[in-house]
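Undergrad: Dropping the sequence and predicted coords here.
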Amino acid sequence: MSRLLIINPGSTSTKIGVYEDALEVKSFTLRHEAELLGAYEKVIDQLAWRTEEIKRILRENGMPLEAFDAYVGRGGLLRPMESGTYRVNEAMLKDLQESARGEHASNLGALIAHALGEEYGKEAFIADPVVVDELEDIARISGLKELEKISIFHALNQKAVAKRYAKEKGENYQNLNLIVVHLGGGISIGVHAKGRVVDVNNALNGEGPFSPERSGSLPVRPLVELCFSGKYTKGEILKMITGKGGFVSYLGTNDARVVEERMNRGDAEAKLIYEAMAYQIAKEIGGAATVLKGKIDAILITGGIAYSPVMVGLLKERVAFLAPVVIYPGEDELLALAEAASRVLHGEEEARVYGSAK
Ligand SMILES: Nc1ncnc2c1ncn2[C@@H]1O[C@H](COP(=O)(O)OP(=O)(O)OP(=O)(O)O)[C@@H](O)[C@H]1O
Ligand SMILES: CCCC(=O)O
């Protein structure tokens, strides 16, 4: 049995899990005040503070930090890579320290796991980071030679949910064709063809449906006009696409529950925007169905908004004719990370090496 410390840094929280292999012993969510986070210019600047917070909560709960066999972090914006479990290495640390592929809270996962691993002489891993890239070449073509499509999505949860469905059906993930719909602060719709995500909307770059806080795809020429209007800085425009788009832009909240409450009170604007999001998600699922040429075993809906019977109802109305729709509300990224590291520690799977060419 391996005792694991799982670390999942998010934009407003750090989730921590203490696991014995795939069994949760205890989990904690450290919420971080926006004001406190705002004091850090860059995500990387939060490293020492978030590491100390993790140590503090474990100390307070009488859980010795040296008692772990490995430290496992959620992987961040790295070079594109195959799905799997990766040992944290120098190349990975360098890319994360330099934010070589951009800033994202999950960049801290490997860095914190490594810092603890070094301090206590244990191993550090990441698994299925947001940059898992299994795209078919045809899915990389954007329509403009200079701009290649890249894969950034909720790989950890999408893979975990797809494997869970396969297990429940007594099937092998590698034999199934699935469309996995992650409905969180960001939204990604992945086409899982026989165990590989051959197409997916990039949930960070402004592709696909809008989401609670992201714009999704936008009309390109008007966007260019906005960029050069002199009204906004580059940073402000980027923030509109990721952070202040979607529900936040139209309704001033990123909380789908608040939007539903407003709908229930007869707010027509809230109803229109909520239904528009469902409409765009359904259209993206329809597009995904064409990638699989209609041979779809199931459509799996997951993420926080999958708790909502209203959203699920709207989606089913439009896509249930394509395939059975199965709902997995929320996400279990801590468990997915624990399982990934245990497989390696028990010799069921080999850890992959980051930095080898893809
Ligand atoms: N019971 C519920 N009904 C409707 N919406 C819900 C419910 N519970 C959570 N949500 C919504 O889910 C969204 C957040 O989802 P989730 O927690 O998966 O996102 P996240 O982890 O912050 O971001 P991401 O999944 O993109 O990494 C919020 O808009 C929240 O309002
Ligand atoms: C795109 C993957 C994770 C996120 O929503 O930020």
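TA: Thanks, I have it. Ligands and ions are numbered 1, 2, ... in the order given.

Undergrad: can you give me the strands for the protein?
TA: Ranges of strands in the chain, per DSSP state E, are 3-9, 13-20, 23-31, 70-74, 85-87, 123-127, 177-183, 187-193, 196-200, 298-303, 325-329.

Undergrad: And those strands: which comes nearest ligand 1?
TA: With respect to ligand 1, and counting by C-beta to the nearest ligand atom, the nearest of the strands of the chain is strand 298-303 at 4.0 Å. Placement of C-beta: from N, CA and C, glycine included.

Undergrad: Pull out the buried residues from stretch 250-262.
TA: In terms of neighbour count (16 or more other C-beta atoms under 10 Å), stretch 250-262 has its buried residues at 250-251, 253-254, 256, 259-260, 262.

Undergrad: Nearest to ligand 2, out of the residues you listed: which one, please.
TA: Using C-beta to the nearest ligand atom, the buried residues of stretch 250-262 come closest to ligand 2 at N254, 11.7 Å.

Undergrad: residues touching that closest one, list them.
TA: 185, 212-213, 246-248 (C-beta atoms under 8 Å, 6 or more residues apart in numbering).

Undergrad: Equivalent analysis for Q46, please.
TA: Remark: with contacts taken as C-beta under 8 Å, 6+ apart, Q46 is in contact with 37, 40, 108.

Undergrad: does stretch 106-114 come close to ligand 2?
TA: No: Stretch 106-114 stays out of contact with ligand 2 when judged by C-beta under 6 Å from any ligand atom, the minimum separation being 7.0 Å.

Undergrad: Using PDB, write out every CA atom in that stretch.
TA: C-alpha atoms of stretch 106-114 as PDB (Å, rounded to 0.1, in the frame of the first residue of the first chain):
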ATOM      1  CA  SER A 106      -2.400  23.800 -12.200                       C
ATOM      2  CA  ASN A 107       1.200  24.800 -13.100                       C
ATOM      3  CA  LEU A 108       1.800  24.800  -9.400                       C
ATOM      4  CA  GLY A 109       0.900  21.100  -9.000                       C
ATOM      5  CA  ALA A 110       4.200  19.600 -10.200                       C
ATOM      6  CA  LEU A 111       6.200  22.400  -8.500                       C
ATOM      7  CA  ILE A 112       4.600  21.800  -5.100                       C
ATOM      8  CA  ALA A 113       4.800  18.000  -5.400                       C
ATOM      9  CA  HIS A 114       8.500  18.400  -6.400                       C
END
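
Undergrad: near ligand 1 at all, that stretch?
TA: No: using C-beta under 6 Å from any ligand atom, stretch 106-114 stays clear of ligand 1, with a minimum separation of 8.6 Å.

Undergrad: Tell me what angle the helix ranked longest in the chain forms with strand 196-200.
TA: Assignment by DSSP state H gives helix 268-291 as the longest helix of the chain. In terms of direction (axes from the mean of the first three to the mean of the last three C-alpha atoms, to 10 degrees), helix 268-291 departs from strand 196-200 by 130 degrees.

Undergrad: distance between helix 268-291 and the chain's centre?
TA: When C-alpha coordinates are averaged (C-alpha atoms, centre = their mean, to the nearest Å), helix 268-291 and its chain have centres 19 Å apart.

Undergrad: That helix near ligand 1 anywhere?
TA: No: figure legend: helix 268-291 not in contact with ligand 1 (C-beta under 6 Å from any ligand atom); closest approach 10.2 Å.

Undergrad: what comes into contact with that helix?
TA: 139, 179, 181, 183, 187, 189-191, 193, 198-199, 201, 208-211, 216, 246-247, 250-251, 256, 259-260, 262-263, 296, 299, 310-311, 314-315, 318-319, 322-323.

Undergrad: Next, count neighbours for L300.
TA: Counted by other C-beta atoms under 10 Å, the residues lying close to L300 total 24.

Undergrad: For it, which residues count as its bridge partners?
TA: Here L300 sits in beta bridges with V180, V326, as judged by DSSP bridges.

Undergrad: quick one, what contacts it?
TA: Residues near L300 by C-beta under 8 Å, 6+ apart: 161-162, 165, 178-181, 325-328.

Undergrad: And for D45?
TA: So D45 contacts nothing (C-beta under 8 Å, 6+ apart).

Undergrad: how close does it sit to L36?
TA: Distance from D45 to L36, counting by C-beta to C-beta, to the nearest Å: 12 Å.

Undergrad: How much space separates the closest residue to ligand 1 within the stretch 101-250 of the chain from ligand 2?
TA: The stretch 101-250 of the chain approaches ligand 1 most closely through G184 (1.9 Å), counting by C-beta to the nearest ligand atom. Distance, G184 to ligand 2, using C-beta to the nearest ligand atom, to the nearest Å: 6 Å.

Undergrad: where does the nearest residue to that residue once chain neighbours are set aside land on pLDDT?
TA: Excluding the flanking residues, the one nearest G184 by C-beta to C-beta, 6 or more residues apart in numbering is G303, at 4.1 Å. If you check G303, the pLDDT there is 95.
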